[in-house]
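Q: below are the sequence and a predicted model; questions follow.
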Amino acid sequence: MTQVIPCFPYARQDRKDKSRAPITAKLVANMLTVAGADHIICMDLHASQIQGFFDVPLDNLYGEPAILKYIIERMGFDLEQIKDDVVIVSPDAGGVKRVTSIADRLSCDFALIHKERKKANEVSSMTLVGSVEGKHCILVDDMADTCGTLCMAANRLQECGALSVSACVTHAVLSNDAVSKINNSVLTSLVVTNTIPIADKQAVCDRIKVMDIAPILAEAIRRTHNGESVSYLFSHVPL
(Lines give C-alpha, C1' and ligand atoms only; values in the text may rest on other atoms or scores of the structure.)
Protein backbone atom coordinates (compact mmCIF):
# COMPACT_ATOMS: atom_id res chain seq x y z
CA MET A 1 0.00 0.00 0.00
CA THR A 2 1.40 3.38 -1.06
CA GLN A 3 0.45 6.38 1.06
CA VAL A 4 0.42 9.74 -0.77
CA ILE A 5 0.79 12.53 1.82
CA PRO A 6 1.44 15.87 0.06
CA CYS A 7 2.02 17.73 3.37
CA PHE A 8 3.49 15.44 6.01
CA PRO A 9 1.87 16.14 9.41
CA TYR A 10 3.96 17.24 12.42
CA ALA A 11 7.01 17.64 10.17
CA ARG A 12 8.39 20.43 12.37
CA GLN A 13 8.43 18.12 15.39
CA ASP A 14 11.40 16.15 14.09
CA ARG A 15 13.68 16.65 17.14
CA LYS A 16 13.59 17.63 20.79
CA ASP A 17 13.75 21.41 21.16
CA LYS A 18 13.43 21.13 24.94
CA SER A 19 13.46 18.46 27.61
CA ARG A 20 10.67 15.86 27.35
CA ALA A 21 9.31 17.33 24.11
CA PRO A 22 7.84 14.61 21.83
CA ILE A 23 9.29 13.73 18.44
CA THR A 24 5.85 13.46 16.90
CA ALA A 25 7.06 13.04 13.32
CA LYS A 26 8.57 9.70 14.33
CA LEU A 27 5.27 8.69 15.96
CA VAL A 28 3.40 9.46 12.73
CA ALA A 29 5.95 7.40 10.79
CA ASN A 30 5.43 4.45 13.14
CA MET A 31 1.62 4.75 12.91
CA LEU A 32 1.68 4.75 9.09
CA THR A 33 3.92 1.69 9.02
CA VAL A 34 1.77 -0.21 11.53
CA ALA A 35 -1.33 0.72 9.47
CA GLY A 36 0.17 -1.19 6.55
CA ALA A 37 1.98 1.42 4.45
CA ASP A 38 4.92 -0.06 2.53
CA HIS A 39 5.73 3.09 0.51
CA ILE A 40 5.31 6.81 1.23
CA ILE A 41 5.14 9.70 -1.27
CA CYS A 42 5.25 13.25 0.11
CA MET A 43 6.46 16.69 -0.90
CA ASP A 44 9.04 19.09 0.56
CA LEU A 45 9.56 17.60 4.00
CA HIS A 46 10.35 20.37 6.48
CA ALA A 47 13.30 18.30 7.73
CA SER A 48 14.94 15.78 5.41
CA GLN A 49 15.98 13.57 8.33
CA ILE A 50 12.33 12.49 8.65
CA GLN A 51 13.08 10.10 5.79
CA GLY A 52 15.18 8.14 8.27
CA PHE A 53 12.19 7.68 10.60
CA PHE A 54 10.66 5.14 8.19
CA ASP A 55 11.49 1.47 7.77
CA VAL A 56 9.79 1.55 4.34
CA PRO A 57 10.81 3.48 1.18
CA LEU A 58 9.89 7.18 1.10
CA ASP A 59 9.97 9.44 -1.96
CA ASN A 60 10.25 13.10 -0.98
CA LEU A 61 9.23 15.11 -4.05
CA TYR A 62 10.32 18.73 -4.41
CA GLY A 63 8.25 21.84 -5.03
CA GLU A 64 11.25 23.52 -6.66
CA PRO A 65 10.46 22.50 -10.30
CA ALA A 66 6.90 23.85 -9.99
CA ILE A 67 8.18 27.10 -8.45
CA LEU A 68 10.74 27.51 -11.23
CA LYS A 69 8.08 26.94 -13.86
CA TYR A 70 5.78 29.50 -12.21
CA ILE A 71 8.52 32.16 -11.94
CA ILE A 72 9.52 31.75 -15.59
CA GLU A 73 6.03 31.51 -17.09
CA ARG A 74 3.66 33.47 -14.86
CA MET A 75 5.49 36.18 -12.90
CA GLY A 76 5.89 38.53 -15.84
CA PHE A 77 9.70 38.40 -16.13
CA ASP A 78 11.59 37.38 -19.24
CA LEU A 79 14.76 35.30 -18.84
CA GLU A 80 17.12 38.26 -19.29
CA GLN A 81 15.20 40.30 -16.74
CA ILE A 82 15.36 37.41 -14.28
CA LYS A 83 19.15 37.24 -14.65
CA ASP A 84 19.65 40.99 -14.19
CA ASP A 85 16.83 42.22 -11.96
CA VAL A 86 15.57 39.33 -9.78
CA VAL A 87 16.97 38.10 -6.46
CA ILE A 88 15.81 34.84 -4.85
CA VAL A 89 15.72 35.25 -1.07
CA SER A 90 15.55 32.76 1.78
CA PRO A 91 13.69 34.08 4.86
CA ASP A 92 15.96 32.02 7.13
CA ALA A 93 19.33 30.26 7.08
CA GLY A 94 17.71 26.81 6.90
CA GLY A 95 16.39 27.47 3.39
CA VAL A 96 19.71 28.47 1.81
CA LYS A 97 20.16 25.20 -0.10
CA ARG A 98 16.70 25.53 -1.68
CA VAL A 99 17.25 29.17 -2.64
CA THR A 100 20.75 28.70 -4.07
CA SER A 101 19.52 25.79 -6.20
CA ILE A 102 16.70 27.91 -7.68
CA ALA A 103 19.00 30.92 -8.18
CA ASP A 104 21.58 28.74 -9.97
CA ARG A 105 18.97 27.37 -12.37
CA LEU A 106 17.68 30.89 -13.09
CA SER A 107 21.24 32.32 -13.33
CA CYS A 108 20.31 35.12 -10.91
CA ASP A 109 21.51 36.38 -7.52
CA PHE A 110 20.37 35.16 -4.13
CA ALA A 111 20.24 36.55 -0.61
CA LEU A 112 19.20 35.34 2.83
CA ILE A 113 17.77 36.79 5.99
CA HIS A 114 19.18 35.78 9.35
CA LYS A 115 16.50 35.85 12.02
CA GLU A 116 16.56 35.58 15.79
CA ARG A 117 13.51 34.23 17.59
CA LYS A 118 12.23 35.16 21.05
CA LYS A 119 9.96 32.09 21.04
CA ALA A 120 8.08 29.85 18.58
CA ASN A 121 6.39 31.82 15.75
CA GLU A 122 7.79 35.13 17.03
CA VAL A 123 10.87 36.77 15.47
CA SER A 124 12.78 39.48 17.33
CA SER A 125 15.23 40.73 14.67
CA MET A 126 16.23 40.23 11.03
CA THR A 127 19.52 40.87 9.23
CA LEU A 128 19.82 40.81 5.43
CA VAL A 129 22.83 39.04 3.93
CA GLY A 130 23.21 40.14 0.30
CA SER A 131 22.18 43.08 -1.87
CA VAL A 132 18.61 43.69 -3.06
CA GLU A 133 18.64 47.41 -3.87
CA GLY A 134 16.81 48.08 -7.12
CA LYS A 135 15.84 44.41 -7.50
CA HIS A 136 12.62 42.40 -7.63
CA CYS A 137 12.78 39.94 -4.72
CA ILE A 138 11.15 36.52 -4.55
CA LEU A 139 11.07 34.91 -1.12
CA VAL A 140 11.10 31.10 -1.26
CA ASP A 141 10.29 28.78 1.65
CA ASP A 142 8.81 25.35 2.29
CA MET A 143 6.02 26.48 4.63
CA ALA A 144 3.98 29.57 5.56
CA ASP A 145 2.26 29.18 8.93
CA THR A 146 1.44 32.43 10.72
CA CYS A 147 3.28 34.39 7.97
CA GLY A 148 4.95 36.57 10.61
CA THR A 149 8.44 35.74 9.35
CA LEU A 150 7.43 36.07 5.70
CA CYS A 151 5.83 39.49 6.14
CA MET A 152 8.67 40.79 8.32
CA ALA A 153 11.16 39.58 5.72
CA ALA A 154 9.21 41.36 2.97
CA ASN A 155 9.27 44.59 5.00
CA ARG A 156 13.01 44.22 5.60
CA LEU A 157 13.67 43.73 1.88
CA GLN A 158 11.65 46.84 1.03
CA GLU A 159 13.59 48.83 3.64
CA CYS A 160 16.80 47.64 1.93
CA GLY A 161 15.68 49.03 -1.44
CA ALA A 162 13.81 46.19 -3.16
CA LEU A 163 11.52 47.35 -5.98
CA SER A 164 8.96 44.62 -5.26
CA VAL A 165 8.63 41.57 -3.03
CA SER A 166 6.66 38.39 -3.74
CA ALA A 167 6.84 34.93 -2.20
CA CYS A 168 6.63 31.28 -3.29
CA VAL A 169 5.83 28.64 -0.67
CA THR A 170 5.10 24.92 -0.94
CA HIS A 171 2.84 24.36 2.08
CA ALA A 172 0.33 27.10 2.97
CA VAL A 173 -0.76 26.40 6.55
CA LEU A 174 -1.93 30.02 7.01
CA SER A 175 -2.97 29.70 10.65
CA ASN A 176 -4.36 32.34 13.02
CA ASP A 177 -4.34 35.82 11.41
CA ALA A 178 -1.99 34.90 8.55
CA VAL A 179 -4.38 36.13 5.83
CA SER A 180 -4.76 39.51 7.55
CA LYS A 181 -0.96 39.83 7.74
CA ILE A 182 -0.65 39.09 4.02
CA ASN A 183 -3.32 41.64 3.13
CA ASN A 184 -1.54 44.29 5.22
CA SER A 185 1.98 43.42 4.07
CA VAL A 186 4.13 44.76 1.22
CA LEU A 187 3.95 41.37 -0.56
CA THR A 188 2.59 41.76 -4.08
CA SER A 189 1.71 38.04 -4.23
CA LEU A 190 2.02 34.81 -2.27
CA VAL A 191 2.27 31.81 -4.58
CA VAL A 192 1.52 28.47 -2.90
CA THR A 193 0.83 24.90 -3.94
CA ASN A 194 -2.36 22.99 -3.20
CA THR A 195 -0.82 20.45 -0.81
CA ILE A 196 -3.24 22.00 1.73
CA PRO A 197 -6.74 23.16 0.63
CA ILE A 198 -7.04 26.94 1.15
CA ALA A 199 -9.96 27.96 -1.08
CA ASP A 200 -11.62 29.80 1.83
CA LYS A 201 -8.49 31.87 2.50
CA GLN A 202 -7.85 32.54 -1.16
CA ALA A 203 -11.40 33.91 -1.43
CA VAL A 204 -10.60 36.72 1.03
CA CYS A 205 -7.06 37.45 -0.17
CA ASP A 206 -6.51 38.08 -3.87
CA ARG A 207 -2.72 38.12 -3.37
CA ILE A 208 -2.73 34.35 -2.81
CA LYS A 209 -2.11 32.41 -6.02
CA VAL A 210 -2.27 28.60 -6.14
CA MET A 211 -0.06 26.26 -8.20
CA ASP A 212 -1.55 22.85 -8.90
CA ILE A 213 0.91 20.07 -8.06
CA ALA A 214 -1.57 17.27 -8.81
CA PRO A 215 0.24 16.38 -12.09
CA ILE A 216 3.48 15.83 -10.15
CA LEU A 217 1.80 13.51 -7.64
CA ALA A 218 -0.12 11.72 -10.41
CA GLU A 219 3.08 11.07 -12.35
CA ALA A 220 4.81 9.84 -9.17
CA ILE A 221 1.94 7.40 -8.59
CA ARG A 222 2.07 6.21 -12.21
CA ARG A 223 5.84 5.68 -12.11
CA THR A 224 5.63 3.87 -8.77
CA HIS A 225 2.83 1.59 -10.04
CA ASN A 226 4.82 0.74 -13.19
CA GLY A 227 8.11 0.24 -11.35
CA GLU A 228 9.76 3.27 -12.98
CA SER A 229 12.14 5.76 -11.36
CA VAL A 230 10.63 8.90 -9.82
CA SER A 231 13.95 10.80 -9.75
CA TYR A 232 12.96 12.60 -12.99
CA LEU A 233 10.36 14.50 -10.93
CA PHE A 234 13.04 15.92 -8.63
CA SER A 235 13.98 18.39 -11.37
CA HIS A 236 11.09 18.41 -13.87
CA VAL A 237 7.37 19.14 -13.96
CA PRO A 238 5.41 16.58 -16.03
CA LEU A 239 3.56 17.97 -19.02
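A: It's in.
Q: ok, and the closest non-adjacent residue to Ala103?
A: Phe110 (3.8 Å; C-beta to C-beta, 6 or more residues apart in numbering). Where C-beta positions appear, they are placed from N, C-alpha and C, glycine not excepted.
Q: so what strands line up beside the host helix or strand of the one you found?
A: Assessed by DSSP states H and E, Phe110 sits inside strand 109-119. Under the criterion DSSP bridges, strand 109-119 sits next to strand 86-90 (parallel), strand 122-129 (antiparallel) in its sheet.
Q: out of the ones you listed, nearest to Thr188?
A: Thr188 lies closest, by C-beta to C-beta, to one member of the strands paired with strand 109-119: strand 86-90, at 13.1 Å.
Q: next secondary structure after that closest one?
A: Scanning forward in sequence from strand 86-90 by DSSP H and E, the next helix or strand is helix 96-106.
Q: distance from the chain centre to the strand holding Phe110, please.
A: Remark: strand 109-119 is offset 15 Å from the chain centroid, using C-alpha atoms, centre = their mean, to the nearest Å.
Q: that one to helix 96-106, inter-axis angle?
A: For strand 109-119 against helix 96-106, the angle by axes from the mean of the first three to the mean of the last three C-alpha atoms, to 10 degrees is 160 degrees.
Q: give the contact list for the spatially most central residue of the chain.
A: The geometric centre of the chain, computed from its C-alpha atoms, lies nearest to Asp142 (C-alpha atoms, centre = their mean), at 2.0 Å. Going by C-beta atoms under 8 Å, 6 or more residues apart in numbering, Asp142 touches 44, 46, 63, 95, 98, 169-171.
Q: state the three-state secondary structure for it.
A: Taking DSSP: H, G, I helix; E, B strand; the rest coil as the rule, one finds Asp142 in the strand state.
Q: counting neighbours, which of the contacts of Asp142 comes out on top?
A: Thr170 (29 neighbours; other C-beta atoms under 10 Å).
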